[in-house]
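S.K.: Could you work out the structure for the sequence below:
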Amino acid sequence: MSENQSFFPATTMPDAAWWQALWPDPLSVLRQVGLLPGMSAVDLCCGDGLFSVPMSVLLEGKVWGIDMDPEMLGIARQALRNAGAPECQFIEGDARDMVKLVPQKVDAVLIANTFHGVPEQTELAKCSYEVLNPGGCFIVINWHVKPREETPVLGKPRGPALEWRMSPDDVRKIVEPAGLEFEKTVQLQPHHYGAIFQRP
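M.R.: Sure, this is the predicted structure:
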């Protein structure tokens, strides 16, 4: 187990083939959870940039991608160049340090496929609160609470084990004490949802 996996268990970055099969149109997902041109955003635990790259296109480069894995960040930077996307900032660091890592307030903080393995989840939500502009959104994309056998990708069971999965209500109970207000849940087919919270 890598150091990063010990900090964020059950959040290993998948191989590119099934990652792309799971998220064939990440730009559409970003729009579904409320990202719009003119906004600025942080992509927490951004990995290989699957969401960061289209986010940079949509938001014209006003994006900070944070990850602890320098190898994944290298892949993300190359993906950004390959896509000809506007330059965004990829930062090696712990998502829990984002207040120090991000130089300005933003309109959205996104964490996809990772929140279930974050230690001190309410503390991370508090950090997101501090980084957000008033009215900004904290967006958690999670797997539905189903056995892995019911969330297949390319014909094989995928996603975290059932005991790691979180319902929207689970997320709400953890995030609301950070001062963020629940706004809505968006269904992201076939296996995910987006829980969206707002800084008042």
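S.K.: What ranges does this structure have for its strands?
M.R.: In the chain, the strands defined using DSSP state E lie at 41-44, 63-67, 89-92, 106-112, 132-143, 152-153, 156-157, 181-188, 192-198.
S.K.: In TSV, list these along with distance to E163.
M.R.: All C-beta atoms are positioned from the backbone trio N, CA, C, and that covers glycine. Listed next are those as TSV, based on distance: least, Cβ to Cβ, whole Å:
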stretch	distance to E163
strand 41-44	23
strand 63-67	25
strand 89-92	30
strand 106-112	20
strand 132-143	12
strand 152-153	19
strand 156-157	14
strand 181-188	21
strand 192-198	18
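S.K.: other SSEs contacting the biggest helix by length in the chain?
M.R.: Identified as the longest helix of the chain according to DSSP state H is helix 70-83. Secondary-structure packing of helix 70-83 (3 or more Cβ pairs under 8 Å, 6 or more residues apart in numbering; DSSP states H and E): helix 52-58, strand 63-67, strand 89-92.
S.K.: Go ahead and name everything in contact with it.
M.R.: Helix 70-83 is contacted by residues 13, 46-49, 52-53, 56-57, 65, 67, 87-88, 90-92 when judged by Cβ atoms under 8 Å, 6 or more residues apart in numbering.
S.K.: hmm, try it at 6 Å
M.R.: Helix 70-83 is contacted from outside by 13, 47-49, 52-53, 67, 90, 92, using Cβ atoms under 6 Å, 6 or more residues apart in numbering.
S.K.: and of those, the nearest to A112?
M.R.: G47 (8.7 Å; Cβ to Cβ).
S.K.: on that earlier part again, could I have the buried ones of the contacts of helix 70-83 as PyMOL selection syntax?
M.R.: This is the PyMOL syntax for the buried subset of the contacts of helix 70-83, where burial follows 16 or more other Cβ atoms under 10 Å:
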select buried, resi 13+47+48+49+52+53+67+90
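S.K.: Among the contacts of helix 70-83, give me the pair with the biggest separation.
M.R.: Within those, V53 and E92 form the most distant pair, 17.3 Å apart (Cβ to Cβ).
S.K.: Which of the strands of the chain sits closest to A17?
M.R.: Of all the strands of the chain, it is strand 152-153 that lies closest to A17, at 9.4 Å by Cβ to Cβ.
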